[in-house]
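*Asks:* Have a look; sequence and predicted model below, questions after that.
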Amino acid sequence: MNPVILEIKQIGDRLALYIPRKILLSLNLKKGDNIKIIIKKGKNSYELFSKFNYLISLTRDSILNLNLKKGEEVNIYFEKLQKNPNSNSLFNKGKIDLLFLIPNKTSKENEIVIDELEENSDRWLKIKSFHNRGSSKLIKLKRFVDPYILGCFLGQLQSEGTKSFNEKLEFCNKSLQEHLDFVESLIYLGTPKQKILAKLDCDKDMKNIEEEIFKFQNKVGLNVKYIGKSSISRNGFGFKSFVRSTIFAELILFFMDSLRDKIKQDIIEDNMVPFADGFIAKVLNGDGTIYIINRGNHRILQARLSIADGNYNYLEDYKKILEKYGLKPHINKKQKCVRSYLNYQSAKKLLSIGAFNNNPNHEKLILFINNLEAHGYK
């Protein structure tokens with residue numbers, strides 16, 4: 001489609017594109033059509049989604065990226081978006097197809113619009129939702145993703161992150177390596193690093209704030225822009241990594257619930273095994289504990305695994321998933337946890353999938369395995 005030249009208008013406190021009637025009639029578009037707009041200024045361009053109208057508000061990102069100002073003339077390309085692309089299978093060549101999981105509408109019944117493109121030999125999905133007052137920010141997701149990486153990412157959120165609908169996706173953990181893993185997964189999925197934010201919550205009398213911030217920034221690579229005082233224990237603190245995006249948070253949580261439901265089924269399909277391994281490994285990192293039971297010197301150790309969660313439905317899910325790893329878990333409602341004794345095979349399996357990495361329980365797991373091997377288990 002050929003470009004049209006439009007002047008940037010100021011309407012109140014916002015900048016917008018005003019489309020004169022003569023141009024409106026030439027575009028073969030109807031009011032309310034889902035469209036993609038490409039704004040070109042000099043050698044630079046910016047792409048955004050919108051509902052077609054004679055007046056289209058410009059997003060903050062488009063204004064900042066192109067340094068747009070009132071009265072400037074820019075080249076505009078309009079393209080009507082066709083029906084969303086679809087997918088008939090969760091897997092494609094061993095990778096999870098996120099397009100298969102994306103619903104047509106949000107939980108508030110807002111329309112979700114998807115545009116697919118190829119970039120650097122990868123398929124990408126540009127996603128936006130529209131509501132009565134406007135639209136969400138555009139997000140970008142890799143379409144085909146490694147199941148183990150996605151499993152680890154969603155397992156982190158399941159144990160130490162956002163679990164309910166929110167305007168942001170947030171992860172909280174003491175381990176800096178876990179934060180780094182979380183940030184790297186976000187970038188892998190398509191989130192620009194500059195969109196990932198960090199916050200420190202700490203005791204109001206904490207003395208070494210700057211030292212801990214330096215450690216976090218040096219390891220994770222995010223600047224801590226927010227510091228919140230909390231009522232946590234004296235000198236206690238916790239870092240949060242998060243992304244502000246309602247549509248992104250909702251889709252990721254939808255993926256988490258959908259795929260957790262899938263791996264608690266009677267049989268985990270072969271393609272889902274790497275996802276299940278990553279998911280349960282990170283759940284154990286966050287909410288799991290190993291208890292070593294020593295009934296005397298030179299005796300074979302016993303080990304018990306526990307996952308704590310105040311949500312009984314999650315405990316039911318963990319119970320069903322752990323059964324797939326050869327365990328015999330039961331739920332303790334009073335203690336709000338699911339428990340199971342470990343044997344040699346299940347302990348070796350958990351070690352192989354990365355369970356309790358970056359966690360003090362990792363040494364307990366190795367201790368248990370080494371003890372059994374010293375008593376002849378192979």
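*Replies:* Yep, it's here.
*Asks:* so where is the stretch 201-350 of the chain shaky, pLDDT-wise?
*Replies:* Of all residues in the stretch 201-350 of the chain, those with pLDDT under 70 make up the ranges 231-235.
*Asks:* Which stretches in it count as strands?
*Replies:* 224-230, 237-244, 288-293, 302-308, 330-332, 337-341 (DSSP state E, counting those that start in this stretch).
*Asks:* Same list, these, but as JSON lines with mean neighbour count and distance to Ile37 please.
*Replies:* C-betas here are computed from N, CA, C, even on glycine. Written out in JSON lines, the entries for the strands of the stretch 201-350 of the chain read as follows (neighbours: other C-beta atoms under 10 Å; distance: least, C-beta to C-beta, whole Å):
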{"stretch": "strand 224-230", "mean neighbour count": "13", "distance to Ile37": "31"}
{"stretch": "strand 237-244", "mean neighbour count": "20", "distance to Ile37": "23"}
{"stretch": "strand 288-293", "mean neighbour count": "17", "distance to Ile37": "48"}
{"stretch": "strand 302-308", "mean neighbour count": "20", "distance to Ile37": "48"}
{"stretch": "strand 330-332", "mean neighbour count": "13", "distance to Ile37": "53"}
{"stretch": "strand 337-341", "mean neighbour count": "21", "distance to Ile37": "50"}
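*Asks:* Identify the bridge partners of Gly288.
*Replies:* Beta-bridge pairing of Gly288 under DSSP bridges involves Ile307.
*Asks:* quick revisit: which among the strands of the stretch 201-350 of the chain is found nearest to Gly42?
*Replies:* The closest of the strands of the stretch 201-350 of the chain to Gly42 is strand 237-244. By C-beta to C-beta, the value is 29.9 Å.
*Asks:* chain center to that closest one, what's the gap?
*Replies:* Here strand 237-244 is found 13 Å from its chain centre; the criterion is C-alpha atoms, centre = their mean, to the nearest Å.
*Asks:* Can you list the helices and strands that it packs against?
*Replies:* With contacts taken as 3 or more C-beta pairs under 8 Å, 6 or more residues apart in numbering; DSSP states H and E, strand 237-244 sits against strand 168-173, helix 176-189, strand 196-203, helix 209-220.
*Asks:* Dump the C-alpha coordinates for that strand into CSV.
*Replies:* Extracted in CSV, the C-alpha atoms of strand 237-244 (Å, rounded to 0.1, in the frame of the first residue of the first chain):
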residue,chain,number,x,y,z
PHE,A,237,15.3,-7.8,52.1
GLY,A,238,14.1,-9.2,48.7
PHE,A,239,14.5,-8.3,45.1
LYS,A,240,11.7,-8.3,42.6
SER,A,241,12.1,-8.5,38.8
PHE,A,242,9.0,-7.5,36.9
VAL,A,243,7.5,-6.4,33.6
ARG,A,244,4.6,-3.9,33.4
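*Asks:* Just checking: what are the partner strands of it?
*Replies:* Here the strand partners of strand 237-244, with direction, are listed using DSSP bridges: strand 168-173 (antiparallel), strand 196-203 (antiparallel).
*Asks:* Go ahead and produce PDB holding the CA coordinates of the first one.
*Replies:* The C-alpha trace of strand 168-173 is given here as PDB (Å, rounded to 0.1, in the frame of the first residue of the first chain):
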ATOM      1  CA  LYS A 168       2.500  -6.800  35.800                       C
ATOM      2  CA  LEU A 169       4.400 -10.100  35.800                       C
ATOM      3  CA  GLU A 170       6.600 -10.200  38.900                       C
ATOM      4  CA  PHE A 171       9.200 -12.600  40.300                       C
ATOM      5  CA  CYS A 172      10.700 -12.500  43.800                       C
ATOM      6  CA  ASN A 173      13.600 -14.600  45.100                       C
END
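*Asks:* Ends of stretch 46-61, what's the gap?
*Replies:* 9 Å (C-alpha to C-alpha, to the nearest Å).
*Asks:* Now render the helices and strands packed on strand 237-244 as a markdown table, adding distance to Lys22.
*Replies:* Output for those, formatted as a markdown table (distance: least, C-beta to C-beta, whole Å):
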| stretch | distance to Lys22 |
| --- | --- |
| strand 168-173 | 43 |
| helix 176-189 | 43 |
| strand 196-203 | 44 |
| helix 209-220 | 53 |
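*Asks:* Would you tell me which of those gets closest to Glu73?
*Replies:* Using C-beta to C-beta and comparing the helices and strands packed on strand 237-244, the one that lies nearest Glu73 is strand 196-203, at 35.3 Å.
*Asks:* so that closest one versus helix 176-189, what angle?
*Replies:* Angle, strand 196-203 to helix 176-189, by axes from the mean of the first three to the mean of the last three C-alpha atoms, to 10 degrees: 160 degrees.
*Asks:* circling back: out of the strands paired with strand 237-244, the one nearest Gln158 is which?
*Replies:* Closest approach to Gln158 among the strands paired with strand 237-244 is made by strand 168-173 (10.6 Å; C-beta to C-beta).
*Asks:* Tell me which residue lies nearest the centroid of this protein.
*Replies:* Relative to the mean C-alpha position of the chain, the nearest C-alpha, by C-alpha atoms, centre = their mean, is the one of Ile252, at 5.1 Å.
*Asks:* how near is that residue to Gln156?
*Replies:* Between Ile252 and Gln156 the distance is 11 Å, computed by C-beta to C-beta, to the nearest Å.
*Asks:* from memory Glu47 sits against Lys40, does it?
*Replies:* No - using C-beta atoms under 8 Å, Glu47 makes no contact with Lys40, being 10.1 Å away.
*Asks:* Of all the strands paired with strand 237-244, which one is nearest Ser121?
*Replies:* If you check each of the strands paired with strand 237-244 against Ser121 by C-beta to C-beta, strand 196-203 wins as the nearest, at 24.2 Å.
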